[in-house]
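Student: need a 3D model of the sequence below.
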Amino acid sequence: MKNTLLVLVLIFNSLLTFSKIENVKLIYDKNEVYKGNTFKVKLRIENTKGKVYYSDVYNRYNCESFRFTLGKGLKITQNSGKFLKIKVDESFIENDVSIKLNYIYKTSKEYTFKIVVHDFVDELELIKLNLNSDEILSKSTVDFSLVGKIKNGDLVNFDERGKLKYDDIDISVLKGGSLLSSSQIEIANLTKNNPSLNVRVSLKKNPSISYDYSFKIYCNPRLTVNLKGSNGLDGLNGIKQISKARLFTGGRPGLNATNGSAGGVGKRGQSRTLILNYVSHTNYVDSVIKVDIYNEANNKIYRTMFLQVGKQLLYIDVSGGNGGDGGNGGKGEDGFRGRIYLLGNDDVFADDGGDGGRGGNGSDGGNGADGGDILIKYTKYSERFKDVIIVRSYGGRGGKSGRGGFGGKGGDVGNGGKGGGHLGRTGETGQDGRDGRDGRDGRVRYVFID
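Tutor: Have a look, this model is predicted:
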């Protein structure tokens, strides 16, 4: 009895010694405390002797040793002992919130901390627009990014979810293009009225924070029209079949694999009629080459393009789509070993192993499609500019054949004590498929019109 009391006294004294905490601090990244975000917290504990401990080192004092009371809008999502993860509610509206904690072995002392919850929109001082291109070319697509500078001088990127969101701002293309998304702008053609790209970025919450940016548009020397046919899909590979589980499988042959599926056929390139004219236009200082591109089906204008003489070329691609590759055959299942005797196999002959399953056949590649045909009509004034139209009208490549799958391995002989028995035979390899046919090149014709 005395020994038991002594042990209890020693444990109690050790707990008292263990609980003599002088100070506790929260360690976290202050910039990660904002609405909707989850931030990580660890503890710094200093005892009365000046010894410092961290909750994520040696684990002498850990987060589970404390009782936490969080203010409204905060929620503990994870307590690993080494650290906490605390989420700030998306609808949080206050500037700060408190966190209180007590050491569970000595609850009389309470440690209180005020946590500042940032609203980076309110702290925003500058919005910077960066184009991911050294030169802005007409009739092109340009990627851009937005960066905000907050009051403490830190730079914060705008994104879908984060400290600064795209939803916090308005992006307007005032001139020289159109907004495709929160990170892309389509640049207009270079004309007298569109010498530059003008973009305005403003804060929804405070429209007085607004910035205008202007970038010079340069003439794009290479304009493109893509009317290619789409590629066929690749065929699916065959599947190795798996036998259903059975108690006795001695000498059973493996299952045959399935065949691959055929590659898809490419789609033909689109045929078009082009009419070239040399014209004057109010948007341009000098005369330009006007190219009207007509649909093949209804003879209506599909697109009109203007080329500046000596500065721009038009590339039109009406090549046929490639055929998809054929799927490979699956691998045959291995044959099963001959019958296995757990007891009493001395007086029996060994059973044959099962034959391996046949590999699946590879499938044919899809045929490549023919290239589209282009008819270019020109007048006596535009005849000298025929060479500004460069046509690519190649036939699509035929898809590659699928390979036949390997046969499964033959099964081993059984364990009959009298021997005998034969190994199972390896399954046959599946047949290879055939390559798809290449498509034919399209034609380009020129016709003079009055």
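Student: what residue spans form the domains of this protein?
Tutor: What the record gives for the chain is the domain set 20-116, 124-219, 221-450, from automatic domain parsing.
Student: highest mean neighbour count out of those domains?
Tutor: domain 221-450 (a mean of 20; mean count of other C-beta atoms under 10 Å). Heads up, the C-betas are built off the backbone N, CA and C, glycines and all.
Student: thinking again about what came up before, take the domains of the chain and write them to a markdown table, including mean pLDDT.
Tutor: A markdown table is the format used below for the domains of the chain (pLDDT from 0 to 100):
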| stretch | mean pLDDT |
| --- | --- |
| domain 20-116 | 86 |
| domain 124-219 | 90 |
| domain 221-450 | 92 |
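Student: any idea how far N415 is from G254?
Tutor: 20 Å (C-beta to C-beta, to the nearest Å).
Student: which residues in the stretch 251-400 of the chain form strands?
Tutor: Taking DSSP state E, counting those that start in this stretch, the strands of the stretch 251-400 of the chain run over residues 272-279, 288-295, 301-308, 313-317, 374-378, 389-392.
Student: in TSV: those, plus distance to E46.
Tutor: Compiled in TSV, the strands of the stretch 251-400 of the chain are given as follows (distance: least, C-beta to C-beta, whole Å):
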stretch	distance to E46
strand 272-279	79
strand 288-295	77
strand 301-308	73
strand 313-317	71
strand 374-378	81
strand 389-392	74
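Student: out of those, flag the one nearest S55.
Tutor: Among the strands of the stretch 251-400 of the chain, the nearest to S55 by C-beta to C-beta is strand 313-317 (62.0 Å).
Student: run the chain-centre distance for that closest one.
Tutor: 31 Å (C-alpha atoms, centre = their mean, to the nearest Å).
Student: which helices and strands does that strand pack with?
Tutor: strand 222-226, strand 301-308, strand 389-392 (3 or more C-beta pairs under 8 Å, 6 or more residues apart in numbering; DSSP states H and E).
Student: what about 6 Å?
Tutor: strand 222-226, strand 389-392 (3 or more C-beta pairs under 6 Å, 6 or more residues apart in numbering; DSSP states H and E).
Student: quick check, distance from the last one to the centre of its chain.
Tutor: Just to be clear, that refers to strand 389-392. Distance, stretch centre to chain centre, for strand 389-392: 34 Å (C-alpha atoms, centre = their mean).
Student: which secondary structure elements does that strand contact?
Tutor: Partner elements for strand 389-392 (3+ C-beta pairs under 6 Å, 6+ apart): strand 313-317.
Student: enumerate every residue touching C63.
Tutor: Applying C-beta atoms under 6 Å, 6 or more residues apart in numbering to C63 gives the contacts 55, 79, 81, 84.
Student: CSV for those residues, including distance to K72?
Tutor: Putting the contacts of C63 into CSV (distance: C-beta to C-beta, whole Å) gives the following:
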residue, distance to K72
S55, 25
N79, 19
G81, 26
L84, 17
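Student: so which of those would you say is closest to K40?
Tutor: L84 (7.3 Å).
Student: look up the closest residue to that closest one, ignoring the ones flanking it.
Tutor: V41 (4.5 Å; C-beta to C-beta, 6 or more residues apart in numbering).
Student: just to revisit the earlier point, can you redo the contacts of C63 as CSV with secondary structure and distance to K290?
Tutor: Output for the contacts of C63, formatted as CSV (DSSP: H, G, I helix; E, B strand; the rest coil; distance: C-beta to C-beta, whole Å):
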residue, secondary structure, distance to K290
S55, coil, 73
N79, strand, 71
G81, coil, 74
L84, strand, 68
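Student: widest-spaced pair of these?
Tutor: Farthest pair in the contacts of C63, by C-beta to C-beta: S55 and N79, 10.3 Å.
Student: among the strands of the stretch 251-400 of the chain, which comes closest to I21?
Tutor: strand 313-317 (73.5 Å).
Student: contacts for that closest one next, please.
Tutor: 222-226, 228, 307, 388-392.
Student: those residues into JSON lines, with extra columns for distance to V117?
Tutor: Formatted as JSON lines, the contacts of strand 313-317 follow (distance: C-beta to C-beta, whole Å):
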{"residue": "R222", "distance to V117": "51"}
{"residue": "L223", "distance to V117": "51"}
{"residue": "T224", "distance to V117": "50"}
{"residue": "V225", "distance to V117": "53"}
{"residue": "N226", "distance to V117": "50"}
{"residue": "K228", "distance to V117": "53"}
{"residue": "L307", "distance to V117": "57"}
{"residue": "V388", "distance to V117": "61"}
{"residue": "I389", "distance to V117": "61"}
{"residue": "I390", "distance to V117": "59"}
{"residue": "V391", "distance to V117": "61"}
{"residue": "R392", "distance to V117": "58"}
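Student: now the helices for this protein?
Tutor: Listed in chain order, the helices of the chain (DSSP state H) span residues 2-18.
Student: so for G148, which of the helices and strands packed on strand 313-317 sits nearest?
Tutor: Of all the helices and strands packed on strand 313-317, strand 222-226 comes closest under C-beta to C-beta, at 35.4 Å.
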